[in-house]
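Peer 1: Okay, structure incoming, though there's no sequence with it:
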C-alpha cells in the first residue's frame, strides 16, 4: 500500500480503475471484455444478492433457471427487441473441436449447428417461450419468477463492473392477467430497487420513467432509478419494465379468463447487475480508496493487533477472541488480522484502501486500560472506546456510518442538481456535470438533437415531477414538467 | 394428480421422467439438451447450495467468478484435458447478427472472432491463466477458491438433471505450495462431499479413487463418491481431483519458495452439480412420486385444511397461523395450502407426489380436540398428535424421517452389493444390477475389455478396501484388493 494511487482530481477514470484493481474487487481476464470477480468483490456481490433475494421473496417471487442459449429465430419474434440486442450478441455456431492434420485444435466444420444459438443478452424470449407451456387459464397467473444468471452483451469499449461483455445479474420475469396488475408489479419492483439502493447501498436515487429513446427494447414503459456519481455523471442503477402484451403476442401466450375468453398475458421484467458495484465505488469512495456501506461490506470491522513481542501478541489475541465472539453474536462481520509478515501501518493502509468501515487497533496499553482505538473509514476520526459492551457501540456506529454515507451522497447530489431554463445555460451547465432539471417538449427528435450536441440524455422523467408550465429548452415548444438531463455511464 | 404415472417396475426410465416433470422440478426447453429448472426444483438446488456453500466456507474457501468464455488456444495447453473436453464444446465464432437483404436475421460474416471462444465445460484453463497473475511467492499460497456457475458440455443423449448440455454446478480450484497439501485438500473435499451426501441428501456413498480410464482429463488422481440408485446402477455424485502440477506447467505458474527456489504450484479441483438432484430422485422416490430428505426439502411440512364451510376454514386458518409461527420459530419450512379451488384429496396427492416429508390435516374436529393428523411421506403412516408443542415433535419427526431415508438407502445398497470371484459369475451378476466387488489386475486394457463385454466400469477403488490376495476376474492375474464394478449413469 506504499504506492500512490490516482486521485479523483488528477484522473477520475484512473482513480476508479485503481480502486477496482488495488482493493482487489476485480480484474481483466485474458478474454476480451470479460472480468474476473475476485473474492473480495464477489463477497460484496454475495451480500448484495442476499438482501435482494430476500426482498424478492418477501414480495412473493420464486427463483428458477432458464437456458443460457437462445435459438436465433426467437429474437426475430419481437421486432424492437431484436433491434436492441442483435448488434451485440455472442453467437454459437459449432459444437465440436477437432485436431487438424497438423495436430492443431480447430473447429470441426462437420459440427455446424442447423440454427445458431445466441448466448443470452437477456432472457425475455426463452422465458416467454417457456411460459407458453405454463399458462392456460387465469388460475396459472400470476407467474412471479426471478433468475440469477450471467448474461453476455458484446461491448467494444469495456470498463470493469460498468460495462463488460459478460456480467452477473438478476432478471425478474412476471406474467399477469391484467394490465393494471403488471404495471403495479413493475412499480413495486422499482420501489424494491430504490429501497435497496438507498438503505443498503446508501445511494440516493431518482425514481422515474425513461423517455422512448432510452426505453428497454420491447417495453411499453421503463421505470428506472438513477444515481449521481462523484464526477457528476448519472448511472442507471436498476430498471423495471412494463412490457405490455408484446412478448405474449410474439410467443402466443394466451389464457382463458374467468369470463371464458382467450386473452394475451401481460408482462414485466426487471433487473440489476454487478454494475451496482461500480455505483458503490463511485458513489462513496475517496482518494484514500474504496469506501463501503457497512450493510454490504464483506468485512465490517477489522482488528489489528499492535505489539512488540510474541507474548504481547498472545495476550492481545486472547482478548480479541472474546471481542470477536461478542461482535459476531450481534451479526457483525469481523476479521482479525494477526499476520506476522506485515506491520500495523501497512495493515491500516490496506484496510483503509479496501474500504472496511471500522478498524480496531489494540495494543498492550489497551489491554491494561480496557480500551480500543476505533477508527472510522468514512470520516478518518479515531476514538478511544472502553472494551466493555463494545459490540453495542459498534452496532450503533455502523448504523451511523451507513447514514453518514447516505447523507453525504444526498448532499452531493443536491449540490449538483439545478434547474436550467435556456439552451445557452444548458450548454454551459452540462459541462459542469450533475443533474439538470429542464423542460422538454416530449419529442424523441428533440432528445436526440440535445444528445448529439451535448452528449446529455434524459435520465428520468421523475415520478414526482410537479406540474409546471414551461418551454422546451431546445425547441421552445410547450411543456408541463421538467425532466432530468445528464451525461451518463 | 388423478393421472396414473409409471412405476419403477413398469418402466424405470419413464418413472424418473414422470417425477421430474409432474413434481415440477424441471422440463426440457426449446434449446436441445438444455433444461428449465422450475421453481420447486430450483428451491431444492438453493437448499443444497446453501449447505455446500457453508461447508466450503467453513473449510476456508472463498467464492469468486471467472469468465464463461475460454479462448480455444487455452485448451491446447494441457494435452489430456483437451482430449477429454474438446469433443463436446459449444463454440462461439461470431459476435454480431444483422438483417440480410430480405430482412431475415443472419450471422454477420464481418463479425467473425479472430480466435474462437469455447463456452466453459469446466474452468481449469481460464482459472490457471488467472492464477499465473496471482502467484509470485509462497506467501500467495494457498489459493482456496470456489465458483458457482453454469457450464456447457455438448451431449448427444440427454436426461434431465443427469446429463444436460448446460448444467449448474460449483467448481473448487485450489493452488498449493506442496504436493502433500494439495492431496490433503483433495481428500478433505471428498470428505465434505461424502458428509453432504450422507447427512443432507441421506444417500450413503462409497468413497474411493478412480481407475485411470475413469479419471478426470488432466488429473493425477480422482477421488469420488459413488451412490447406488434404485435400479442398481451407480451414480457418480461428486469428484475431487488431485491435478499435480499439470495445469501449473501448462500455464507456467511458479512460486518463489521460502528456500528461494522457483517451483511449480500444485493444484486440485472439485465439483458437484445439479446432477445431485437426479441422485436424490432415484435414491429415495417411490411409485407414489418424489421423496425428499427433510434437510433439503423446499417444503418440510404442508398444512391442508379440511372444511365444509367458510366459517370452518376461517377457524382453521386462525389456528394454523399460530402453528406455522411456532414451526417457523424452530426453523421449519412450512406451507399452508388454503386454495379454495382444490379438494383436500387432490392436495394430499399433489404433496405426496412432490415429496413433502410431513403433511398436516386439520379439520373442525381437530380444533375441538386440539389434535392434528400428521402423515409421513416416507412410510405413509398417519398419527393423531396433540397440537400442544407440536413444533418440538416435528423437529424430532423430521430427523427421524431423514434417518429412515438414509437407513433405507443403505439397506438397499448393502442388499445389492456382493463379492464376485469368477468371470462367469460376473457376467450373470452384472445383469442383476448393484455393486460387484471383484479383483482386477490394475490394467486399463482389462477394464476396457470388461466394459466392452458387460457395460460395467470400475466405479471406485474403495479408500477402505482391505488387503486381500486374489486373482483378476477377467485375466486371472494377481490382485491385492477388490474394486467396485457397476453399470453407471
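Peer 2: All right, it came through fine. Note that the structure is predicted; figures quoted are calculated from it, not measured.
Peer 1: Relative to chain B, which residue of the stretch 151-300 of chain A is the closest?
Peer 2: residue A:154 (4.4 Å; C-beta to the nearest C-beta). C-beta coordinates here come from the backbone N, C-alpha and C atoms, glycine included.
Peer 1: Apart from its chain neighbours, what residue comes closest to residue A:383?
Peer 2: residue A:374 (5.2 Å; C-beta to C-beta, 6 or more residues apart in numbering or on different chains).
Peer 1: element containing that neighbour?
Peer 2: strand A:371-376 (DSSP states H and E).
Peer 1: Quick check: what element follows that strand along the chain?
Peer 2: strand A:382-386.
Peer 1: okay, the angle between that following strand and strand A:371-376?
Peer 2: 140 degrees (axes from the mean of the first three to the mean of the last three C-alpha atoms, to 10 degrees).
Peer 1: so what's residue A:92 bridging to?
Peer 2: residue A:117, residue B:92 (DSSP bridges).
Peer 1: So what's the residue count around residue A:138?
Peer 2: If you count neighbours by other C-beta atoms under 10 Å in any protein chain shown, residue A:138 ends up with 16.
Peer 1: I figured it was touching residue A:259, is that so?
Peer 2: No: at 9.2 Å, residue A:138 does not count as touching residue A:259 under the criterion of C-beta atoms under 8 Å.
Peer 1: mind listing what residue A:220 touches?
Peer 2: Shown in contact with residue A:220 (C-beta atoms under 8 Å, 6 or more residues apart in numbering or on different chains): A:242, A:243, A:244, A:246.
Peer 1: what does residue A:133 give?
Peer 2: Residue A:133 sits in contact with residue B:27, where contact means C-beta under 8 Å, 6+ apart.
Peer 1: What parts of the stretch 151-300 of chain A come near chain B?
Peer 2: A:152, A:154, A:166, A:168 (C-beta under 8 Å from any C-beta of the partner chain).
Peer 1: Repeat that for the stretch 301-450 of chain A.
Peer 2: residue A:341.
Peer 1: Nearest residue to the residue of the stretch 301-450 of chain A found nearest chain B in space, please, no chain neighbours.
Peer 2: Nearest residue of the stretch 301-450 of chain A to chain B (C-beta to the nearest C-beta) works out as residue A:341 at 6.7 Å. Nearest residue to residue A:341, sequence neighbours excluded (C-beta to C-beta, 6+ apart): residue B:139, at 6.7 Å.
Peer 1: My read is that the one you found contacts residue A:340, right?
Peer 2: No: judged on C-beta under 8 Å, residue B:139 makes no contact with residue A:340 at a distance of 11.3 Å.
Peer 1: of those two, who's got more company?
Peer 2: Neighbours were counted for residue B:139 and for residue A:340 using other C-beta under 10 Å; residue B:139 has more, 12 against 8.
Peer 1: Just the pLDDT for that one.
Peer 2: The model reports residue B:139 with a pLDDT of 94.
Peer 1: Between the two ends of stretch A:192-212, how far is it?
Peer 2: In stretch A:192-212, first residue to last residue: 23 Å (C-alpha to C-alpha, to the nearest Å).
Peer 1: what about it, distance to the chain center?
Peer 2: Stretch A:192-212 has its C-alpha centroid displaced from the chain centroid by 10 Å (C-alpha atoms, centre = their mean, to the nearest Å).
Peer 1: cool, and stretch A:219-228?
Peer 2: Counting by C-alpha atoms, centre = their mean, stretch A:219-228 comes out at 13 Å from the chain centroid.
Peer 1: Without its sequence neighbours, what residue ends up closest to residue A:462?
Peer 2: residue A:208 (4.6 Å).
Peer 1: Quickly run through the sheet partners of the strand or helix carrying the one you found, with directions.
Peer 2: Taking DSSP H and E as the criterion, residue A:208 maps to strand A:206-209. Under the criterion DSSP bridges, strand A:206-209 sits next to strand A:221-228 (antiparallel), strand A:457-462 (antiparallel) in its sheet.
Peer 1: Now that we have these, can you turn them into TSV and tack on mean neighbour count, mean pLDDT and distance to residue B:190?
Peer 2: Formatted as TSV, the strands paired with strand A:206-209 follow (neighbours: other C-beta atoms under 10 Å in any protein chain shown; pLDDT from 0 to 100; distance: least, C-beta to C-beta, whole Å):
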stretch	mean neighbour count	mean pLDDT	distance to residue B:190
strand A:221-228	25	98	46
strand A:457-462	22	97	53
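Peer 1: I'd like the ones you listed laid out as TSV, including distance to residue A:176.
Peer 2: What follows is the strands paired with strand A:206-209, written out as TSV (distance: least, C-beta to C-beta, whole Å):
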stretch	distance to residue A:176
strand A:221-228	14
strand A:457-462	24
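Peer 1: tell me the SS of residue A:20?
Peer 2: Secondary structure, DSSP: H, G, I helix; E, B strand; the rest coil: residue A:20 is helix.
Peer 1: wait, it sits on residue A:161?
Peer 2: Yes: contact criterion C-beta under 8 Å: residue A:20 and residue A:161 qualify, at 6.7 Å.
Peer 1: Now do the shared contacts for these two.
Peer 2: Joint contacts of residue A:20 and residue A:161 (C-beta under 8 Å, 6+ apart) are A:26, A:281.
Peer 1: Tell me where the stretch 151-300 of chain A has strands.
Peer 2: In the stretch 151-300 of chain A, the strands defined using DSSP state E, counting those that start in this stretch lie at A:166-176, A:206-209, A:221-228, A:234-244, A:254-256, A:262-264, A:266-273.
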